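[1] need the 3D shape of this:
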Amino acid sequence: MKAIAVLRHPSDCVETAPRMQLIADSAMVGAGRPLFLPDFAPSWRARIGLAFRISRLGKDIAPRFVGRYVDAFCLCMQLMPEGAAGDEAWGGLFDNCMALGTWRPVPDGEAIGIKLEDSVCDVGLGDIAVEQTVAAVSRYATLKTGDVIVAAFLPWVVGVKAGDDLRVDVDEEPALSVRVR
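    Prediction:
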């Protein structure tokens with residue numbers, strides 16, 4: 001299983017050759033498991049994304065068929081180093097850098113309300129452009145069952161440190177709980 005993050009916000013249009021980041025399978029941590037901060041950076045921040053799970057093998061998928069390949073979504077939180085040499089290059093290449101929330105069914109076109117602490121936003125699947133994003137990624141890589149596509153990152157960036165407990169809700173239900181160690 002691999003994860004591919006498309007580096008865009010929900011309101012950005014999907015490029016035919018989008019900026020993507022490959023995230024190693026050893027970087028992904030399942031729901032309820034803690035994230036451990038590596039010691040190669042003096043400080044850390046995190047961003048929240050909307051991830052979609054691929055349910056079958058596909059290559060060069062047309063946007064109108066993406067619904068046949070995506071079976072669930074979750075929120076994810078990706079750690080990003082600050083102040084390390086080449087901190088942008090680290091991306092998803094270090095272990096334990098992305099927490100996945102609880103998988104849930106993909107809503108049918110309705111907006112979902114996402115809340116992190118005091119910040120709230122409503123995001124519709126049309127805003128996320130799941131069909132166009134998965135289609136764009138599948139143009140360059142064969143998608144396999146269990147792969148994760150992070151279709152967009154919310155505009156929130158949160159500073160994190162060891163001992164933090166973060167919780168993000170979807171429609172007032174817990175969707176992502178992360179303990180930072």
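
[2] can I assume Ser26 sits in a helix?
    Yes: Ser26: assigned to a helix according to DSSP: H, G, I helix; E, B strand; the rest coil.

[3] my read: it touches Asp95, true?
    Yes: applying C-beta atoms under 8 Å, one finds Ser26 in contact with Asp95, separated by 4.8 Å. (Glycine included, C-beta is placed from N, CA and C.)

[4] ok, Ala62 touching Gln132?
    No: contact criterion C-beta under 8 Å: Ala62 and Gln132 do not qualify, at 10.5 Å.

[5] distance from the longest helix seen in the chain to the middle of the chain?
    Using DSSP state H, we find that the single longest helix of the chain is helix 130-138. Relative to the centre of its chain, helix 130-138 is centred 14 Å away, using C-alpha atoms, centre = their mean, to the nearest Å.

[6] for stretch 16-33, same thing?
    Centre-to-centre, stretch 16-33 and its host chain are 7 Å apart (C-alpha atoms, centre = their mean).

[7] contacts for it next, please.
    1-8, 35, 74, 78, 91-103, 133, 136-137, 139-140, 148, 150, 176-177 (C-beta atoms under 8 Å, 6 or more residues apart in numbering).

[8] for the record, mean pLDDT for stretch 27-47?
    Regarding stretch 27-47, the rounded mean pLDDT is 89.

[9] still on that earlier bit, what is the longest helix of the chain packed up against?
    When contacts are defined as 3 or more C-beta pairs under 8 Å, 6 or more residues apart in numbering; DSSP states H and E, helix 130-138 sits against strand 3-6, strand 43-54, strand 148-160.

[10] run through who's touching it.
    By C-beta under 8 Å, 6+ apart, the residues outside helix 130-138 that reach it are 4, 6, 8, 14-18, 20, 52, 54, 58-64, 66-67, 69-70, 106, 143, 149, 151-152.

[11] keep only those of these that are in strands.
    4, 6, 20, 52, 54, 70, 149, 151-152 (DSSP state E).

[12] from the residues you listed, which has minimum pLDDT?
    Comparing the ones in strands among the contacts of helix 130-138 by pLDDT, Met20 comes last, at 90.

[13] in the sheet, who's paired with it?
    Under DSSP bridges, the beta-bridge partners of Met20 are Val6.

[14] before we move on, the earlier item: okay, Ala62 and Gln132: which has more neighbours?
    Between Ala62 and Gln132, Gln132 has the larger neighbour count (other C-beta atoms under 10 Å), namely 18 against 10.

[15] nearest residue to Phe36 in space, please, no chain neighbours.
    Closest residue to Phe36 apart from its sequence neighbours, by C-beta to C-beta, 6 or more residues apart in numbering: Arg181 at 4.9 Å.
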